[in-house]
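Asker: sequence below, structure please.
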Amino acid sequence: MSLPRAPFWFLRHGQTDYNARGVSQGSVDIPLNATGIAQAHQAAPLLEGRGITAVIASPMQRALVTAEIVNQTLNLPLTTEPNLREVVFGGMEGQPLGTWFADWLNGIATPEGAESFADITTRARTVMSNLLTAPAPLLIVSHGAFFRALRGVMGLELDIRTENATPILCEPVAEGWRATKFA
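Answerer: Numbers count the residues shown, from 1 in each chain. Next up, the predicted model:
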C-alpha cells in the first residue's frame, strides 16, 4: 500500500528534557521543557499562510502541547490520532541512544518489549494512508521515530534525525516524495 499523493506538513514535537539528555522517550509521556515550548512558538509563524486545512496530533503530551501552541496561530480544527504516537522502545526507554537504536532502525534487533521498526512502519503507512484522504495539506504533529518510519514509507533516507519543532513539507514528486525543512 502506497500513500495517497497528497502534500502534508510534518512537525516533530518541541524539545523535552529527555531530548536534551540524549535518551530515548518512546512511550514515556514526557512534557515539553522551556526550550520545547519556545520552539513550538517559533514554528507557528513558519506554518502560517501555508494553506494547512487541519492539525492532527499524537495524543502524547509533548506532541499535543506543541500542536496546541502552533494552533494558537493557525486557529484550525485540531484532533488527536492515537496511531501517531511514538514507538514503544520497551526496556530501552529512558536509556541513552546508542548502537541499539541503529540496530533497531536497521531491523537487526528489537529491544525486549519494544515495537519493531517494521511494526511502526506498518502503523505509519496505515494511519497516514487514512489521514491523507482528507483535504490537503494537513499538519501532522508527531515524533522522531514515527517520522523515520514514515520517511521509509515515502522511500526517503531513514537515518536522518528530525529536529525538534522544525516544519517539514512532504510533497509527492515524479519519482516518490520530497521532504523539505523550513526553519
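Asker: what are the buried residues along the least confident helix or strand in the chain by mean pLDDT?
Answerer: Across the helices and strands of the chain, mean confidence by mean pLDDT, DSSP states H and E is lowest for helix 99-105: a mean of 94. Using 16 or more other Cβ atoms under 10 Å as the test for burial, helix 99-105 gives 100, 101, 104. Yep, even glycine has a C-beta here, placed from its N, CA and C like the rest.
Asker: and what of stretch 123-142?
Answerer: For stretch 123-142, the neighbour count (16+ other Cβ under 10 Å) marks 123-125, 127-128, 131-132, 136-142 as buried.
Asker: and the buried residues of helix 99-105 as CSV, adding distance to residue 16?
Answerer: Below are the buried residues of helix 99-105 laid out as CSV (distance: Cβ to Cβ, whole Å):
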residue, distance to residue 16
100, 20
101, 17
104, 20
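Asker: quick one: the strands in the protein?
Answerer: Assignment of strands within the chain using DSSP state E yields the ranges 8-12, 54-57, 78-80, 138-142, 168-173, 176-181.
Asker: pick the most deeply packed of those strands.
Answerer: For the strands of the chain, the largest average neighbour count (mean count of other Cβ atoms under 10 Å) is found in strand 138-142, namely a mean of 27.
Asker: orientation of that one relative to strand 168-173 in degrees?
Answerer: Orientation of strand 138-142 against strand 168-173 (axes from the mean of the first three to the mean of the last three Cα atoms, to 10 degrees) gives an angle of 130 degrees.
Asker: so residue 70 touches residue 57, yeah?
Answerer: No. Residue 70 lies out of contact with residue 57 (Cβ atoms under 8 Å); the separation is 9.3 Å.
Asker: overlap in contacts, the two.
Answerer: Here residue 70 and residue 57 have residue 141 as joint contacts, going by Cβ atoms under 8 Å, 6 or more residues apart in numbering.
Asker: related to what we said a few turns ago, how far off centre is the least confident helix or strand of the chain?
Answerer: For helix 99-105, the separation from the chain centroid amounts to 18 Å (computed by Cα atoms, centre = their mean, to the nearest Å).
Asker: just the C-alphas of that helix, formatted as PDB.
Answerer: Extracted C-alpha coordinates of helix 99-105, given in PDB (Å, rounded to 0.1, in the frame of the first residue of the first chain):
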ATOM      1  CA  THR A  99      24.100   1.200  19.000                       C
ATOM      2  CA  TRP A 100      20.900  -0.400  20.000                       C
ATOM      3  CA  PHE A 101      19.000   2.400  18.200                       C
ATOM      4  CA  ALA A 102      20.800   1.800  14.900                       C
ATOM      5  CA  ASP A 103      20.300  -2.000  15.200                       C
ATOM      6  CA  TRP A 104      16.600  -1.300  15.800                       C
ATOM      7  CA  LEU A 105      16.300   1.100  12.900                       C
END
